[in-house]
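Asks: Here is a sequence with its predicted model. Questions after.
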Amino acid sequence: MELIEVVEQWAWIGWLVLILVFLVIEMLTLDFTFLMLSIGGLAGLVTDLLGAPIWLQVIIAAGVAAALVLLLRPPLLRRLRRGEDPTPSNVDALVGLGGTVVSSVGAHGGQVKLANGDIWTARAESRDGAESRVLEPGTRVRVSRIEGATAVVRSDSPEPLAPAPEDPLA
């Protein structure tokens, strides 16, 4: 019983440390989650200073933090991000971008020049396990996805594509 009494007597120090740790993490993440947790810790500190038992302090701190994370954080994030530019950037900006085949693109490689001027290593998109197709130079393509440093492309042309040549060594 003596240990519990010591913990309850010095719990305010634990609450202060917890609040400070959460605030430092919040300054690094800027996501409002740890801010809400630190306010929950503040509620735990106040209940400690009012003389509540440690179990009640923890329940109140957890309840306040959960309520703030669920109710206050979403509108704060929407308000914070309302001025953001919704335009995709980096690799996300390449998905859906058109281009032209520079060297034959098959299941194992090739090159395409995208509309933004970049030349990418490319691979033809296989559809539902169908046989691999070869996209000949000059064929208009569109980027389906990016896998590592390879653009996976599909044909933009209405005409059918030539089937891939059989590998004589296979």
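Replies: That came in fine, so what should we check first?
Asks: Only C-alpha atoms from now on, for both contacts and neighbour counts.
Replies: Will do.
Asks: which regions of this structure sit below the pLDDT cut-off?
Replies: 1, 128-132, 157-170 (pLDDT under 70).
Asks: just the helices in it please.
Replies: Here the chain has its helices, by DSSP state H, at 2-9, 11-29, 33-49, 54-67, 73-81.
Asks: any chance of those helices in TSV, plus mean neighbour count and distance to Val141?
Replies: Shown next, in TSV, are the helices of the chain (neighbours: other Cα atoms under 10 Å; distance: least, Cα to Cα, whole Å):
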stretch	mean neighbour count	distance to Val141
helix 2-9	12	67
helix 11-29	16	40
helix 33-49	22	43
helix 54-67	18	49
helix 73-81	12	34
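Asks: now the ones you listed in TSV, with distance to Val152?
Replies: Listed next are the helices of the chain as TSV, based on distance: least, Cα to Cα, whole Å:
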stretch	distance to Val152
helix 2-9	60
helix 11-29	34
helix 33-49	37
helix 54-67	43
helix 73-81	32
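Asks: Looking at the ones you listed, spot the one closest to Gly110.
Replies: helix 73-81 (39.8 Å; Cα to Cα).
Asks: Distance from the chain centre to the closest one, please.
Replies: Taking Cα atoms, centre = their mean, to the nearest Å, one finds helix 73-81 lying 17 Å from the centre of the chain it belongs to.
Asks: ok, and what's touching it?
Replies: Here helix 73-81 makes contact (Cα atoms under 8 Å, 6 or more residues apart in numbering) with Asp31, Phe32, Thr33, Met36.
Asks: can you state the direction angle for that helix and helix 33-49?
Replies: Taking axes from the mean of the first three to the mean of the last three Cα atoms, to 10 degrees, one finds helix 73-81 and helix 33-49 inclined to each other by 140 degrees.
Asks: tell me which of the contacts of helix 73-81 is nearest to Leu94?
Replies: Leu94 lies nearest to Asp31 out of those, by Cα to Cα, at 27.5 Å.
Asks: Just give the number of residues close to that closest one.
Replies: 15 (other Cα atoms under 10 Å).
Asks: quick revisit: what's the closest of the contacts of helix 73-81 to Ala122?
Replies: Asp31 (36.9 Å).
Asks: which ones are touching the closest one?
Replies: Leu77.
Asks: one more time with 10 Å
Replies: Ile25, Arg73, Leu76, Leu77, Leu80 (Cα atoms under 10 Å, 6 or more residues apart in numbering).
Asks: do the same with Asp92
Replies: Going by Cα under 10 Å, 6+ apart, Asp92 touches Arg145, Ile146.
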